[in-house]
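Student: based on what follows, work out the 3D shape:
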Amino acid sequence: MNVRQVEMDNMLTVLKICAYQVYEMAELLHNLFKILVLRDLSKNRLTEVPTELCHFVSLETLNLYHNCIKVIPDAIVNLQMLTYLNLSRNQLSSLPACLCGLPLKVLIASNNKLGSLPEEIGQLKQLMELDVSCNEITALPQQIGQLKSLKELNVRRNYLEVLPQELVQLPLVKFDFSCNKVLVIPVCFRKMVQLQVLLLENNPLQSPPAQICTKGKVHIFKYLTVQACQIKTADSLYLNAIEPQHLPQPVEESIDDIYPSKKDSDSGVGSDNGDKRLSATEPSDEDTLSFNVPMSDIVEEDHIIKDNSGHHANSRKVEFHQGSSHVFINDKSRETGNQYDESDTLTTEFMSYIKASL
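Tutor: Numbering: from 1, shown residues only. Next up, the predicted model:
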């Protein structure tokens, strides 16, 4: 193994091993881990992070760029002074959750095979730059909105279709989501007031449309503001439409409730017996005479009247009431219900009244 550069200041504090074919570092690191601040292990053929490396408790910067590393060991959590970590151009398929327990300010994991980010990423409260470009990420976790110190976010060349609204909570200055599959920029992104650089080319964007996106961030945010106003207006109209109309309810009353006195009366309409019908202008059966008398009886009675007219002329007891169309005759032959037998005949007084009226 050839060491290209060794920097010394009273004692060995920095060791840079770059662009050499390093396969085995265990023995070297075992003797140096107490005093070294390892800065660069890039462009080697490391297939894993040496376990001994995790004993460098004073390590602040670690560059593992362009190796063949597939897994990050859990022991990396021992590097509690580490603020810069470069894992780009390796073969990582995932990032361990323990990585989120480090005081990182810069995390670069571009050009790997990452399919997602750990939900624990929200624990990186001091993280200011996150670069996970050129991976296979299909969605960003909602916990990414907890990165309150994040200034730069690069998710270029992934498979994102939706941008989480939680991103608006971040103090982003630069945001690059170009070369993805994003269709819509959330309207709430207009609130990202600190954003200065927005890169979004090579997305099948429909809202805002392409002619707006090509004009830059200012026009994009104006479009989002207009959209927000339209959505607010549409929501208010919808809420007004679905509110119940407090109109007076019609009072449902039956005819029995309005005219309780007529509840048991018969109007006569639709009655089976026409004789039962009553009229306000017609007298009842009790006040009228029944004229259902055979004609033969009338004729026979007429002959009798002619013979006895002299004796009974003054004997009529027919009563007339002025202002009334009714005739009241004292006839004992009328029975209850105004029914007559066919054998009964009219009285002499009644026939005299009939002759006098003709």
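
Student: all contacts plus neighbour counts: C-alpha atoms, from now on.
Tutor: OK.

Student: what about the strands in the stretch 101-250 of the chain?
Tutor: 106-108, 129-131, 152-154, 174-176, 197-199 (DSSP state E, counting those that start in this stretch).

Student: out of those strands, nearest to Ile354?
Tutor: strand 197-199 (119.5 Å; CA to CA).

Student: the closest one pairs with which strands?
Tutor: strand 174-176 (parallel) (DSSP bridges).

Student: count of neighbours near Leu85?
Tutor: By other CA atoms under 10 Å, 21 other residues sit near Leu85.

Student: quick revisit: redo the strands of the stretch 101-250 of the chain as TSV? Include distance to Asn67, mean neighbour count and mean pLDDT.
Tutor: Shown next, in TSV, are the strands of the stretch 101-250 of the chain (distance: least, CA to CA, whole Å; neighbours: other CA atoms under 10 Å; pLDDT from 0 to 100):
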stretch	distance to Asn67	mean neighbour count	mean pLDDT
strand 106-108	14	20	97
strand 129-131	17	20	97
strand 152-154	21	20	97
strand 174-176	25	18	97
strand 197-199	29	15	95
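
Student: closest to Glu48 out of those strands?
Tutor: Comparing those by CA to CA, strand 106-108 comes nearest, at 17.0 Å.

Student: direction included, what does that closest one pair against?
Tutor: Assessed with DSSP bridges, strand 106-108 is paired to strand 84-86 (parallel), strand 129-131 (parallel).

Student: wait, a strand at Ile354?
Tutor: No - counting by DSSP: H, G, I helix; E, B strand; the rest coil, Ile354 is located in no strand; its state is helix.

Student: give me the number of residues near it?
Tutor: 10.

Student: one step back: for the strands of the stretch 101-250 of the chain, which one sits closest to Asn86?
Tutor: Nearest to Asn86, of the strands of the stretch 101-250 of the chain and by CA to CA, is strand 106-108 at 4.7 Å.

Student: about what we covered before: I'd like the strands paired with strand 106-108 laid out as JSON lines, including distance to Lys191.
Tutor: JSON lines is the format used below for the strands paired with strand 106-108 (distance: least, CA to CA, whole Å):
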{"stretch": "strand 84-86", "distance to Lys191": "30"}
{"stretch": "strand 129-131", "distance to Lys191": "20"}
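
Student: which parts of stretch 174-188 are buried?
Tutor: 174-188 (16 or more other CA atoms under 10 Å).

Student: give me phi/psi at Asn63?
Tutor: The phi and psi values for Asn63, taken as degrees, to the nearest 10, are phi -120, psi 110.

Student: which residues does Thr169 contact?
Tutor: Wrong residue type there; residue 169 is Gln, not Thr. Contacts of Gln169 were listed using CA atoms under 8 Å, 6 or more residues apart in numbering, and they are Gly145, Gln146, Lys148, Met192.

Student: so the last one touches Lys174, yeah?
Tutor: No - using CA atoms under 8 Å, Met192 and Lys174 do not qualify as a contacting pair, with a distance of 10.5 Å.

Student: what do those two both touch?
Tutor: With CA under 8 Å, 6+ apart as the test, Met192 and Lys174 reach no residue in common.

Student: could I get the full set of helices for the chain?
Tutor: 26-32, 210-213, 217-242, 255-258, 295-307, 309-312, 348-357 (DSSP state H).

Student: my read: Leu92 touches His66, true?
Tutor: No - look at Leu92 against His66 with CA under 8 Å: they stay out of range, at 11.4 Å.

Student: from the buried residues of stretch 174-188, which is closest to Pro164?
Tutor: Using CA to CA, Pro186 comes nearest to Pro164 of those, at 8.1 Å.

Student: measure the nearest residue to the closest one once chain neighbours are set aside to Leu59 for me?
Tutor: Using CA to CA, 6 or more residues apart in numbering and skipping residues adjacent in sequence, the residue nearest Pro186 is Gln165, 6.7 Å away. Gln165 is 36 Å from Leu59, where distance means CA to CA, to the nearest Å.

Student: these two: who's more crowded?
Tutor: Between Gln165 and Leu59, counting by other CA under 10 Å, Leu59 is the more crowded of the two (22 against 14).

Student: and that one, what's its pLDDT?
Tutor: Confidence at Leu59, expressed as pLDDT, is 90.

Student: quick one: Lys70 from Cys100, how far?
Tutor: 18 Å.

Student: circling back: lowest average pLDDT across the helices of the chain?
Tutor: helix 309-312 (a mean of 47).

Student: just to revisit the earlier point, of all the buried residues of stretch 174-188, which two lie farthest apart?
Tutor: Going by CA to CA, the pair spanning the buried residues of stretch 174-188 furthest: Cys179 and Cys188, at 21.5 Å.

Student: just give me the neighbour total for Met81.
Tutor: 16.

Student: ok, and the closest non-adjacent residue to it?
Tutor: Sequence neighbours aside, Glu60 is the residue nearest to Met81 in space, at 5.2 Å (criterion: CA to CA, 6+ apart).

Student: please apply the same query to Val197.
Tutor: Counting by CA to CA, 6+ apart, the residue nearest Val197 is Lys174, at 4.6 Å.

Student: these two touch, right, the one you found and Val193?
Tutor: No - taking contacts as CA under 8 Å, Lys174 lies outside contact range of Val193: 11.4 Å.

Student: OK, contacts around Asp176?
Tutor: With CA under 8 Å, 6+ apart, Asp176 has these contacts: Leu153, Asn154, Val155, Arg156, Val197, Leu198, Leu199, Leu200.

Student: could you redo the last one with a cut-off of 10 Å?
Tutor: 131, 133, 152-157, 197-201 (CA atoms under 10 Å, 6 or more residues apart in numbering).
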